[in-house]
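> let's see this in three dimensions:
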Amino acid sequence: MPELRLRRTILSVDDHELVRVGLRQVIGQHFGERFHVAEAHSLEQALRFLEERTDEVFLMLLDLNLGDTRGLAGLRLLSQRHPRLPIAVVSGSNDARVRDEARAHGAVGYFCKTGDTGDLKGLLDTIERAATGADAATDEAPATHGDALARSRRLRPGIRLSDRQVQVLELILGGLDNQAIAAETGLALGSVKNCVSTVFLAFNVRSRAELIGLFV
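Presented below is the predicted three-dimensional model:
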């Protein structure tokens with residue numbers, strides 16, 4: 001119980017001050033003095049804050065496009081370094097594909113800054129659930145990519161992938177895009193694309209989000 005009382009901080013990460021101020025005001029209006037809202041304007045600043053005060057934070061509100069990161073890279077890095085911290089994305093994009101991929105990478109919610117009252121209600125509900133521990137990570141050890149591959153074979157018996165395709169699958173599950181996979185493996189970008197297409201075909205999916213969703 002003492003640990004729950006300490007975790008009353010929401011970390012709002014956005015490079016636009018007006019957005020941070022707006023979120024702080026909305027949270028204050030709905031929750032009063034229950035929570036403290038800390039702020040960071042960059043991924044680097046958020047990481048420094050968590051290094052020093054991670055035990056206080058029960059939820060992060062993260063913009064995907066910051067001055068020092070773009071797209072899902074920031075979400076992936078934060079999830080890797082702080083796997084037990086729930087992260088809700090608050091983004092200017094209402095792209096369904098981005099929303100699905102963010103959720104596939106562990107986001108507990110995705111809310112559009114320019115959305116309707118449904119986005120606002122969803123955000124407030126997510127804050128309440130995170131505060132009560134409903135979205136907290138379990139104590140189970142994270143599955144390895146090898147475990148994920150074994151599960152995939154149970155999902156689709158008889159699946160056949162080469163060693164290289166298995167390696168690409170593992171990197172996709174780790175959140176890497178094609179360019180990063182090419183750098184990691186030393187393959188040409190065209191070869192990476194061919195491997196990714198083969199993996200998609202093997203699992204009968206059309207996107208990274210669908211593929212990752214098989215292993216969640």
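> pop the domain breakdown of the protein in here.
2-131, 145-213 (automatic domain parsing).
> just name the most buried of these.
Mean neighbour count, computed with mean count of other Cβ atoms under 10 Å, is highest for domain 2-131 among the domains of the chain, reaching a mean of 17. Heads up, the C-betas are built off the backbone N, CA and C, glycines and all.
> ok, back up a step: and the domains of the chain, which one is worst for confidence?
Lowest mean pLDDT within these: domain 145-213, a mean of 78.
> now it, how far from the centre of its chain.
19 Å (Cα atoms, centre = their mean, to the nearest Å).
> for stretch 18-26, same thing?
Taking Cα atoms, centre = their mean, one finds the center of stretch 18-26 at 22 Å from the center of the full chain.
> which outside residues touch that stretch?
12, 14, 37, 39, 41, 61, 63, 90, 113, 120, 124 (Cβ atoms under 8 Å, 6 or more residues apart in numbering).
> what do you get for stretch 37-49?
In contact with stretch 37-49 (Cβ under 8 Å, 6+ apart) are residues 9-15, 17, 20, 23-24, 27-28, 53, 57, 60, 62, 66-69, 74, 77-78, 81.
> how about stretch 96-105?
Counting by Cβ under 8 Å, 6+ apart, 64, 71-72, 75-76, 79, 89, 91, 110, 175, 207-209, 212-213, 216 sit against stretch 96-105.
> swap in 7 Å and give it another go.
72, 75, 76, 79, 89, 110, 175, 208, 209, 212, 213, 216 (Cβ atoms under 7 Å, 6 or more residues apart in numbering).
> what do you get for stretch 73-88?
The contact list for stretch 73-88, computed with Cβ under 7 Å, 6+ apart, reads 43, 50, 54, 57, 59-62, 64, 66, 89, 102, 105-109, 111, 123, 126, 130, 135-137, 142, 175.
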